[in-house]
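Trainee: The sequence and its predicted three-dimensional model are supplied below.
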Amino acid sequence: MILIRCPWCGPRDAGEFHYSGETKPRPDAATARPEQWRDYLYFPANPRGEVTETWYHRMGCRQFFVLQRDTDTNESIPPGRPQ
């Protein structure tokens, strides 16, 4: 079982959440080439170790939040909030 630490509701089972993707900088709409948009939209980095992700607590507070998560251990800590 994977526990996600919601900043408002505390630790909950991952089944209560919706993964909204990794947090990465969006290309500049005025200057980005089609290849940059393709990479941004369809090719996540999927690194091993610590990643920054966006999650939605669909079965709780219904809030979007940014989460730091270690993909090796699935340990999660919301940035800026105490554990």
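Mentor: Happy to help now that I have it.

Trainee: Give the helix, strand or coil label for residue 8.
Mentor: Recorded secondary structure, residue 8: coil (DSSP: H, G, I helix; E, B strand; the rest coil).

Trainee: Pretty sure it sits against residue 61.
Mentor: Yes: counting by Cβ atoms under 8 Å, residue 61 is a contact partner of residue 8 at 4.5 Å. Every residue, glycine included, has its C-beta placed from N, CA and C.

Trainee: Please list the residues outside stretch 23-31 that contact it.
Mentor: 36-37, 40, 45, 52-54, 66 (Cβ atoms under 8 Å, 6 or more residues apart in numbering).

Trainee: Any chance of a PyMOL selection covering the buried ones in the residues you listed?
Mentor: Buried members of the contacts of stretch 23-31, defined by 16 or more other Cβ atoms under 10 Å, are picked up in PyMOL with:
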select buried, resi 53
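
Trainee: Inside helices: which ones of the contacts of stretch 23-31?
Mentor: Here DSSP state H is the test, and the contacts of stretch 23-31 give 36-37, 40 as lying in helices.

Trainee: residue contacts, the residue nearest the centre of the chain?
Mentor: By Cα atoms, centre = their mean, the chain has its centre lying nearest to residue 53, at 1.7 Å. Contact partners of residue 53, counting by Cβ under 8 Å, 6+ apart, are 19-23, 66-67, 69.

Trainee: partners of it in the sheet?
Mentor: Residue 53 forms beta bridges with residue 22, residue 67, as assigned by DSSP bridges.

Trainee: The worst-scoring helix or strand of the chain on mean pLDDT - contacts with which helices or strands?
Mentor: Ranked by mean pLDDT, DSSP states H and E, the weakest helix or strand in the chain is strand 76-77, scoring a mean of 78. Where contact means 3 or more Cβ pairs under 8 Å, 6 or more residues apart in numbering; DSSP states H and E, strand 76-77 is packed against strand 3-6, strand 64-70.
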